[in-house]
Structure formats: structure tokens, C-alpha cells
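Q: I need the structure of the sequence given here:
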Amino acid sequence: MNTGKQFFTALEALRGIAAIMVMFLHTGGTLGPIPVNISYLAVDLFFLLSGVVLANSYERQLATRQISPGGFLLQRIIRLYPVYLLALPVGLVSYAVQFGLDYRTLAGLLLRAILFIPNAGTGGAFPLNGPSWSLFFELWAGVLFSVLLVRLSSRILLAIALGTAGITLYGALGGNFDIGHQAGYFGFGFSRILFSFSLGICLHRLYELRTPHAAKRGNTIGIFLCGCLIVITNIPANTFYGFPYFDLFMCLVIFPAIVWIAMRTRQTGLVELVFRWLGIVSYPIYILHAPIFELLHLLRQRGFDLPASPAAGMVVVIAIFILASVVAIRFDEPVRKKLKMMVAPSPVSKVTSESQAGRLNLTPVRGRPSPILPESPP
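A: Below is the predicted model of the structure:
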């Protein structure tokens, strides 16, 4: 996660671990009788990390008008869409296996999925790829970030975070924070992302304000934080079901604390390489796993003789790891690079924009000089 000042490898690792825990949540029992756990909170960690990363990469550029809200949204589309579009055909096949080959329905679902229009019918808000509901809210939060949130003070952002935390808590009463993707609770997805996303922006601003020294033993601390996340997300969901205050505590206190400590660590050697790899494969794992597991599950239900043992499930998991690595390196990165080159301003327009930027007041948001931070993918 390139911040322009340093590479937060520990945040990359946390994102990768979170994606893996979400994948295990969606294995559909193929790995054996794994109890449902609270790894749904990994999505809230994603939202928190997005706030940190987008503030780090774009807040100053948006504040000084070096990038427009439209340009920012285009960068977000380039970041999220290639792998998402790659996964849609698998989801389309799964839907056809489950509900039949109604070409008009399938075409409508595909169009709605491409445009990120929630579905009100069978199969959830995004039936072709269940986890993509969070991408919808990521894009929505990105728009709000570029036109409004960057202009707000940290106090107002903190007030927004606390207010939306209260709204999310209200929606979770009697259950837990696993809301926002269901038809009856879809509106709470907006409060859920604003809660953690706003906290992430505040964390980044606090880090820039204090610029704390790097903690010693960064490898050990980074591994420990990843272990903490694994332990937390493996807590059985029924332990605190009906008591959403526990989820609130996790998202309001524990996750920000973990991210804050992770931001202060630096990794080296093999640990750094592993952490970077976890960051590279995190998004492909998150967006590819659900359609694959769903398709395998439906094929078994239709009588296909596919192994359903925990060993076979682990083979699928390993295959998804390998696929995610190949997709990230051989598909996602080259496609995004080419798209960025296609939309990059021409040399003439770039000189013009730079001359205009030179006439702007480049005083940072919080009133002290700092270099412009380059783009960093979430």
C-alpha cells in the first residue's frame, strides 16, 4: 500500500488475512463443519483500510484540485472493475444453473451487475457475486469522499463516524453487524461504510499530524497483529449474536487500534515479501472466491459427482490462491496499467494543468508542507 512516504506492508497483510477469512466464511461447508464466525467484520476492516488508503493517496490531490472528483472516480473504476468483470461470467453460469436459462433475465442481471445497480429480486442485491455488495458501497463512499469528506474537518468526520455507528448499531439490534447486503437492511450498508471509512480518514490525518516513529521489531508485531485478526474473526457468531455492542467495540476500538499499530511498523526480509503477496492477492481472492464456491455447490446439488470432503475443499482453496496470484499479476496489473495510460492526460494538457496547479495555494489540509502522495490501490 504505497503511501508516498513509505509502504505499509502490515496493512497489506491485514487486508489479505481479512480476505482469506471472508473466503473461509463462504466455503459452504466444503471444508467440514466450520462454525459460522464473525469474519463478516472483515468487511468493516476493509472499509477502515479504504479510508486510510484513499485519504493517503488522494486527499491532498483533491484538496488542491490536482485531480477532479470525476478523475478520482475513474481511478477507482480502473482499480475495481477488471477483476470484478472477470468474475461475472462465473456468477452468470451459477445463476443459470440455479434458476434456468432465461436469456432476458440473465442479460438484465449482467447489465445491472456491470452498472452496480442492486437487484430487488431473487438471489440478493448482487446475485452474480454476493461479496460485490461491498464494492457498491466502496464506490459510493468514494464519490462522497471526493466531493465532500475531504473538505470536512477531523472533528466533523469523527462526529459522522460516531453518528453512523449509532445508526448501524440500531440496524443490528437483535442480531449483529452482518447487515447491508440483505434486501431489508440494504440502507444500513451506507451507515456501515461511512462509520469505518470516516474513521480511516481520521486515522490517516492523525498519522500525518503526529508522524510517529516506527515501532521496533516490526516483523514480530506485524505477525502478531495478523494473528490477532485471525483469532478475532474466528470467534463463533453465536457467541455475541443479539449483542451487537461487541461488534461495535471491535469496529470502533479494536480495528482502529490494530490499524494504527500496523501503520507504525516496518517489515523486512521474508516477512515483508509474504505481507506484500497477501496484499497483492487480497482483492482477487475476495472477488473471485464466492462465484467459484457457489458454482461447485450448485453442481453438486444438480447431481454432478464432485468430491465434497474437507480435503477436496482445501484443494479448491489452494487453487483459488493460485488463481488469485495469476489474475493479480498476469491480468489485473497489466490491464490497469494499460487503462491508466489510455486515460492519462496528453503532454500538452499535463503541462497546462501543472502550470495551473503552480498558481494554486498548495498549503496542505492541515497547514504544514508535505509532498503530494501518488496513487495507491486499496
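Q: which residues in the stretch 151-300 of the chain form helices?
A: For the stretch 151-300 of the chain, the helices defined by DSSP state H, counting those that start in this stretch occupy 154-172, 188-210, 218-233, 245-249, 255-263, 269-301.
Q: Give me the distance between the most centrally placed residue in the chain and Gly227.
A: Nearest residue to the geometric centre of the chain (Cα atoms, centre = their mean): Phe46, 4.1 Å. For Phe46, the distance to Gly227 equals 19 Å [Cβ to Cβ, to the nearest Å]. Using the backbone N, CA and C atoms, a C-beta is placed for each residue, glycine as well.
Q: Same question for Ile292.
A: Relative to Gly227, Ile292 is positioned 27 Å away (Cβ to Cβ).
Q: same deal with Ile193?
A: Noted for Ile193: a distance of 27 Å to Gly227, by Cβ to Cβ.
Q: Tell me which of these two has more neighbours.
A: Using other Cβ atoms under 10 Å as the criterion, Ile193 and Gly227 rank with Ile193 on top: 27 against 11.
Q: Spit out the contact partners of the nearest residue to the more buried one once chain neighbours are set aside.
A: What sits nearest to Ile193 in space, not counting adjacent residues and going by Cβ to Cβ, 6 or more residues apart in numbering, is Phe137, at 4.3 Å. Applying Cβ atoms under 8 Å, 6 or more residues apart in numbering, we find Phe137 in contact with 47, 180, 189-190, 192-193.
Q: Identify the farthest-apart pair in those.
A: Within these, two members stand farthest from each other by Cβ to Cβ: Phe47 and Phe190, at 11.3 Å.
Q: So the two - more neighbours on which side?
A: Remark: of Phe47 and Phe190, Phe47 carries more neighbours, 25 against 17, as counted by other Cβ under 10 Å.
Q: quick check, the more buried one in a helix?
A: Yes: with DSSP: H, G, I helix; E, B strand; the rest coil as the criterion, Phe47 is part of a helix.
Q: Please renumber the chain so that the first residue is 606 from this point on.
A: Got it, first residue is 606 now, which makes that one Phe652.
Q: Would you mind confirming that it makes contact with Ala746?
A: Yes: in this structure, Phe652 is within contact of Ala746 by Cβ atoms under 8 Å, at 7.4 Å.
Q: Tell me how far Phe782 lies from Leu804.
A: Noted for Phe782: a distance of 14 Å to Leu804, by Cβ to Cβ.
Q: ah, wrong one, I meant Thr816
A: Taken as Cβ to Cβ, the span from Thr816 to Leu804 is 19 Å.
Q: So these two - more neighbours on which side?
A: Per other Cβ under 10 Å, whichever of Thr816 and Leu804 has more neighbours is Leu804, with 27 against 8.
Q: Give me the nearest residue to the more buried one, chain neighbours excluded.
A: Nearest to Leu804 is Ala766, by Cβ to Cβ, 6+ apart, at 4.8 Å.
Q: what's the answer for His894, then?
A: In space, His894 is closest to Met628, 4.3 Å off (Cβ to Cβ, 6+ apart).
Q: Then Thr727?
A: Phe704 is the one closest to Thr727 (Cβ to Cβ, 6+ apart), at 6.9 Å.
Q: In this structure the one you found contacts Leu714, no?
A: No: contact between Phe704 and Leu714 fails when scored by Cβ under 8 Å: they sit 9.7 Å apart.
Q: between these two, which one's more packed in?
A: The neighbour count for Phe704 versus Leu714, taken as other Cβ under 10 Å, is higher for Leu714 (25 against 15).
Q: So what's the residue count around Ala770?
A: Residues near Ala770, counting by other Cβ under 10 Å: 21.
Q: correction: Arg871
A: By other Cβ under 10 Å, neighbour count at Arg871 equals 17.
Q: thinking again about what came up before, so how far is Leu830 from the residue nearest to the centre of the chain?
A: Distance from Phe651 to Leu830, by Cβ to Cβ: 16 Å.
Q: got it, and Ile643?
A: 17 Å.
Q: which of these two has more neighbours?
A: For the pair Ile643 and Leu830, the greater number of neighbours falls to Ile643 (24 against 21), based on other Cβ under 10 Å.
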